[in-house]
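S.K.: My questions are about this predicted structure, shown below with the sequence.
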Amino acid sequence: MQRLGSLHHHFFLGSRKPLLNPCPFYSFISICTFSYSPDSTEVIYDNLLKSCDGLAFLKQIHLVLTTTSLIDKSPHLGAQIIIKYAQFGDPNSARALFDHINIHGDKPSSFLWNTMIRAYANGGHCFETLQLYSVMHRAGISPNNYTFPFIFKVCASNSLILLGKVAHGDALKTGFDSDLYVEAALVDMYAKGDQFCDGRKIFDEMSMKDLVCWTAMITAYEQAEKPEEALILFQKMQQEGLLADSVTIVSVASAIGRLGHAKRAQSVHCYAIRHLFLEEICVANSVIAMHAKCGDMDKARLVFDMMDERNSISWNSMLSGYTQNGKASEALLLFDEMRDSGCELNPVTALIMVAASAYLGSSHLGRKFHDFILDSKMKVDMNLWNALMDMYAKCGDLETAVEIFSGIHPSERDVCSWNVLISGYGMHGYGKEALKLFSRMQEEGVEPNHITFTSILSACSHAGLVDEGRKCFRDMTKSVTPEMKHYACMVDMLGRAGLLQEAFDLIKEMPAPPNDSVWGALLLACKIHGNMELGKIAANNLFQLEPNHTGYYVLMSNIYAAQTADHENPYWQEVYRKVESLTIEMKLAGYIPDLSCALHDVEEEDKEHILNYHSEKLAVAFGILMIDSGMAIRVTKNLRVCNDCHLAFKYISCIYGRRIIVRDANRFHHFQGGSCSCKDYW
DNA sequence: GTAGGGTTAG
């Protein structure tokens, strides 16, 4: 062996260059052939093949073995060459050799058949894999525990579960179904093919499960958007004493990302650090995506910045994280960095950047990325076309969105293309057109999904098409179970149309407890239509569900405020007129409204308007109108009096020569002759 | 005797 080793070494150093010309190489190998017994020759070639790192080199070796007929004598070397061809992405050459052996050599062993099947399967050649599997049967060669995993793998990744089931039957007949690898592949196939129960059943009945089986099942749950189940299984796996490896962690991180659990995200991150998994690009990428989905872009960025090597998935995860967290401008900055880094910009990158443009509502930017896509000659798949349409619709350019849609061949359009356009029409207020598209879509045989129904209900809502919306909802319940968001759309639609009781009845009929978006839609409708009674019910539910969401408190407070202004006071018109004349009189006397007291972020003009109708000003105006001039005007208020009202009351006390006594949340203010007892310190 | 399964962005 020592001798062979050095010979091998010598060959490698000495004849690399002449390889371009087969002659010297060939004569050298010939010498070897004569110098050693056939067994030793086989070992030499075996070593040669092991060190072979390119297709050209491999073809040379193949040629020599063919001309010396060694290929027909050594099935082992034949198999090694087939394996190498597959590794270098040349399954056709592998197949040619396989066929050659089939004709010239002994009948290929099941080992060789498996090798060829594997070459096809790993190269993603689904049809060839399955065809060879069937030829194998006809040739009378039995598949074994090495055959089945590859068959199941291609069935899984090409959604050919029926064919997979047939092969499963073969495995049962031959008794290989209880092999660990076969079982793991079956679990994977059934789970990926939406046949969870079958996959889970096999998994549960396995006599022995290793880490790969657990990971396959965990991954299946995660990819089927069942992250809770994935994590429950992960916990069980740990209870069984198995330790997660980097592949497991990738799936667990994805599951946690889906759930948005920031705390668990941190613990997975730590685990990955402790086990040095973050050095693997795949793990780092999934940890980045996890933090991004949990809303923590700083942590995502930290991982990203620490990476020694990044691929396009790393960059894209960051870009999409920034976009999804409302930091589109950060995404734009990072995109420039990505371009400078020389990393490949792929269709996913383009998709994210188009979505970022849509988020910013900038058709200028969106168009720039559209041009970039066309210039880069990258393949524009349906997802990217859909994103472009969505971007144009969201940037106010519905015409271009429609233009793109019309340019796509009808057979190419998927359900998402229709959804994008329907929602585009909806958000532009064209409810009738959205409905027409919805019918056209069904006529063309495209099955609507839950997003289609959300889009169409929302379109009806914005256009006030209540009857049509009701009908869509009824039709929808025939084929799919309505989700929260559909109820929210319905409540919004009915509520906007003033059908508050019907909206409330619908909420009461819901099979599951309504969430915040359903109650939020009702509350908004109550605000629009001034319904205090239902508003209180909606608000109370919202305050329990989302106690920290300030927007709902503001909405409810506005309902109360509107009710106050809602003219219960028979003199309201006089009061409002008085406030207006008071303002003019005060301004003549030098009053400048203190706009900083109007806390809403609105135009200056609106701020002044809001200030004028502060409840204490209305009360004082009412007092001036109603109370004898000799008497003090007394106002009681439950909040601290604002600066602007305080200033105004000083002016009024002077202009009208009246005492105004205001009790606010903390103290009394006595206004008289242009000043206040608090001496402006309160 | 040779060979094998589970992974990340949208």
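M.R.: Received the coordinates, thanks.
S.K.: Counting neighbours, which bits of stretch A:230-249 end up buried?
M.R.: By 16 or more other Cβ atoms under 10 Å, the buried positions in stretch A:230-249 come out as A:A230, A:L231, A:L233, A:F234, A:M237, A:L242, A:A244, A:S246, A:V247, A:T248, A:I249. (Each C-beta comes from the backbone N, C-alpha and C, glycine too.)
S.K.: show me the contacts for the fifth one.
M.R.: Applying Cβ atoms under 8 Å, 6 or more residues apart in numbering, one finds that A:M237 lies in contact with A:L211, A:W214, A:I218, A:A244, A:T248.
S.K.: Return the member of these nearest to A:N638.
M.R.: A:I218 (55.7 Å; Cβ to Cβ).
S.K.: tell me which element that closest one falls in.
M.R.: When elements are defined using DSSP states H and E, A:I218 is found to belong to helix A:211-223.
S.K.: and DNA strand B, which of the buried residues of stretch A:230-249 reach it?
M.R.: Subset of those in contact with DNA strand B: A:S246, A:V247, A:T248, counting by Cβ under 7 Å from any atom of the strand.
S.K.: Surely the second one and A:T215 touch.
M.R.: Read that as A:V247. Yes. The pair A:V247 and A:T215 passes the contact test of Cβ atoms under 8 Å, sitting 5.4 Å apart.
S.K.: Tell me how far A:P108 lies from DNA strand B.
M.R.: From A:P108 over to DNA strand B the distance is 10 Å, taken as Cβ to the nearest atom of the strand, to the nearest Å.
S.K.: Surely that residue and A:H76 touch.
M.R.: No. Proximity of A:P108 to A:H76 does not meet the contact threshold set by Cβ under 8 Å, at 12.0 Å.
S.K.: ok so, going back, what would the ones next to DNA strand B among the buried residues of stretch A:230-249 look like in JSON lines with pLDDT and secondary structure?
M.R.: As requested, those are exported to JSON lines (pLDDT from 0 to 100; DSSP: H, G, I helix; E, B strand; the rest coil):
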{"residue": "A:S246", "pLDDT": "97", "secondary structure": "helix"}
{"residue": "A:V247", "pLDDT": "98", "secondary structure": "helix"}
{"residue": "A:T248", "pLDDT": "98", "secondary structure": "helix"}
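S.K.: Closest one of the residues you listed to A:V575?
M.R.: Looking at these and their distance to A:V575, the nearest is A:T248, at 70.2 Å (Cβ to Cβ).
S.K.: any idea how far that closest one is from A:I313?
M.R.: When Cβ to Cβ, to the nearest Å is applied, the distance between A:T248 and A:I313 equals 19 Å.
S.K.: who has more neighbours, A:P108 and A:H76?
M.R.: Taking other Cβ atoms under 10 Å, A:P108 and A:H76 do not tie; A:P108 has more neighbours (22 against 14).
S.K.: Endpoint to endpoint, stretch A:652-659 covers what distance?
M.R.: Using Cα to Cα, to the nearest Å, the end-to-end distance of stretch A:652-659 comes out at 9 Å.
S.K.: Buried residues, that stretch. List them.
M.R.: Burial within stretch A:652-659, assessed by neighbour count using 16+ other Cβ under 10 Å, is assigned to A:I652, A:S653, A:C654, A:Y656, A:R658.
S.K.: Show the contacting residues for the residue in the stretch 301-450 of chain A that DNA strand B sits nearest to.
M.R.: Scanning the stretch 301-450 of chain A for proximity to DNA strand B using Cβ to the nearest atom of the strand identifies A:N316 as nearest, at 3.4 Å. If a contact means Cβ under 8 Å, 6+ apart, then A:N316 has A:N346, A:V348, A:T349, A:I352 as its contacts.
S.K.: wait, doesn't the last one sit right on A:S320?
M.R.: Yes. With contact taken as Cβ under 8 Å, A:I352 and A:S320 are classed as touching, separated by 4.7 Å.
S.K.: Common neighbours of these two, please.
M.R.: When contacts are counted by Cβ under 8 Å, 6+ apart, A:I352 and A:S320 are jointly contacted by A:A331.
S.K.: which element is the residue of the stretch 301-450 of chain A closest to DNA strand B on?
M.R.: Mapping A:N316 onto the secondary structure by DSSP H and E places it in helix A:312-324.
S.K.: Just after that helix, pick out the following helix or strand.
M.R.: Moving toward the C-terminus from helix A:312-324, the next element (DSSP H and E) is helix A:328-341.
S.K.: surely A:F148 meets A:V182?
M.R.: Yes. A:F148 is within contact range of A:V182, at 4.6 Å (criterion: Cβ under 8 Å).
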